[in-house]
Structure formats: C-alpha cells, structure tokens
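Undergrad: need coordinates for the following:
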Amino acid sequence: MKLQTLSLLLENEAGEQQLQECARVAVIWQDKELWLQPVGNQLMLGVDVEEGDTEYANLLLRPMATNLVSVELEMEAADPDEMADGHVHGPDCQH
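TA: Purely as a prediction, here's the structure:
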C-alpha cells in the first residue's frame, strides 16, 4: 500500500518558510501528541491513546465545495487489549 504524504509549510520566527513532506506529523499540545495524517480523501486529527485512557477522539475533515469542509468527531472506546500488545498507530494502520 502506498503511503499518502502531507506537504507542510513550516515558518520560523523570522518569517522564513521551509517546505517538508511526511506521512504524518504530531504537534505536542498540553503534554499530548496531536497527530495529523491523511486517510483517503480525509484529514484525520487524533490524540494517541495512553494507559488509563477509557476513550479517545478523532476529528475527520473532508473537503467539500469551495471554502467548505465537513467535520466529523468520532469518539471511540480505548481498546485495552490493543494497548497491552504494544500496538502503535502509524500511517499504515488506517485507524
């Protein structure tokens, strides 16, 4: 399966911009990793599940017409079995 890539435009304090490409990217916010990755024609934002978490949320963005985006919030129960087997969500697991 071919991985989808994101094109990121990073700007520093001096206003200099640098273009980067990656399969997914994380922003650390409030001591959590907020992951951003393409899934089909959607852009998924999600927080990695940590031990003790009972649920997690994914925010899915879908392009619509010009200047419109569909937003869907998915709340899912954390799977304790998945946590125990050491599964780490990656760009190829698609969930």
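
Undergrad: contacting residues for the spatially most central residue of the chain?
TA: The residue lying closest to the centre of the chain (Cα atoms, centre = their mean) is residue 36, at 2.7 Å. Going by Cβ atoms under 8 Å, 6 or more residues apart in numbering, residue 36 touches 6, 24-27, 43-45. Every C-beta, even on glycine, is put in place using the N, C-alpha and C of the backbone.

Undergrad: give me the local confidence score for it.
TA: In the prediction, the pLDDT value recorded for residue 36 is 89.

Undergrad: pairing partners for residue 62 in the sheet, please.
TA: Taking DSSP bridges, one obtains residue 70 as the residues bridged to residue 62.

Undergrad: next, count neighbours for it.
TA: By other Cβ atoms under 10 Å, 13 other residues sit near residue 62.

Undergrad: likewise residue 44?
TA: Applying other Cβ under 10 Å, I find that residue 44 has 19 neighbouring residues.

Undergrad: need the pLDDT of it.
TA: 87.

Undergrad: give me the residues contacting the host helix or strand of it.
TA: Using DSSP states H and E, residue 44 maps to strand 42-47. Strand 42-47 is contacted by residues 32-38, 56-62, 89 when judged by Cβ under 8 Å, 6+ apart.

Undergrad: go through it and flag the buried ones.
TA: Neighbour-count burial for strand 42-47, counted by 16 or more other Cβ atoms under 10 Å, picks out 43-47.
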